[in-house]
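*Asks:* no sequence on this one, just coordinates:
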């Protein structure tokens, strides 16, 4: 069964910028540039019949291309046990609208998706036994970091395979805006 999610693929130039935000943080497993994306909805493992329905359903979503920009950094977890370093997205009503449309289409098909509030971010690193001291240094260094703005003119259905060396992502189908 394919493991699926809907996301915005990030331009190579932005991936390069975000890769430049790395510093030495013990226990950090930095995301490879080809893994960088902005998840809109995680769908999990789906049966082949549901997969086809998702592909067709996402084609119905219309949106006008819009600008996004990464700014600031943060972390998930606690000071005692930080788990993830991430780049934040500058506020974007267009992004929130797109995410709601994708969620609604998937729910209409009966696909269960997370109910927690959407928190747009890009994962920069996963942390294994990292100290908050190192994480704090990272947060301080990049608290004012800002990427170049980029245009979101499509979103995609991705599949992922979990391998011992990490997840491998593949774009299954792309959905352009203003068709």
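*Replies:* Now that the structure is in, tell me what you want to look at. As the structure is a computational prediction, the values presented were derived from the model and not from experiment. Numbers count the residues shown, from 1 in each chain.
*Asks:* Any regions of this protein where pLDDT drops low?
*Replies:* 1, 179 (pLDDT under 70).
*Asks:* now the strands for it?
*Replies:* Taking DSSP state E, the strands of the chain run over residues 3-9, 28-30, 37-45, 66-68, 70-77, 82-89, 121-127, 150-152, 154-163, 166-176.
*Asks:* any idea how far the longest helix seen in the chain is from the chain center?
*Replies:* In the chain, taking DSSP state H as the definition, the longest helix is helix 93-108. With CA atoms, centre = their mean, to the nearest Å as the basis, helix 93-108 stands 14 Å off its chain's centre.
*Asks:* try stretch 92-100
*Replies:* Mean-position distance between stretch 92-100 and its chain equals 14 Å (CA atoms, centre = their mean).
*Asks:* Give me the residues contacting that stretch.
*Replies:* The contact list for stretch 92-100 (CB atoms under 8 Å, 6 or more residues apart in numbering) reads 40-41, 61, 63-64, 66-68, 89, 118, 120, 152, 155. For the C-beta atoms, the positions are set from N, CA and C on the backbone; glycine is no exception.
*Asks:* cool, stretch 169-179 as well?
*Replies:* Residues from elsewhere that reach stretch 169-179 (CB under 8 Å, 6+ apart): 2, 4, 9, 34-35, 37, 55, 58-59, 61-65, 152-161.
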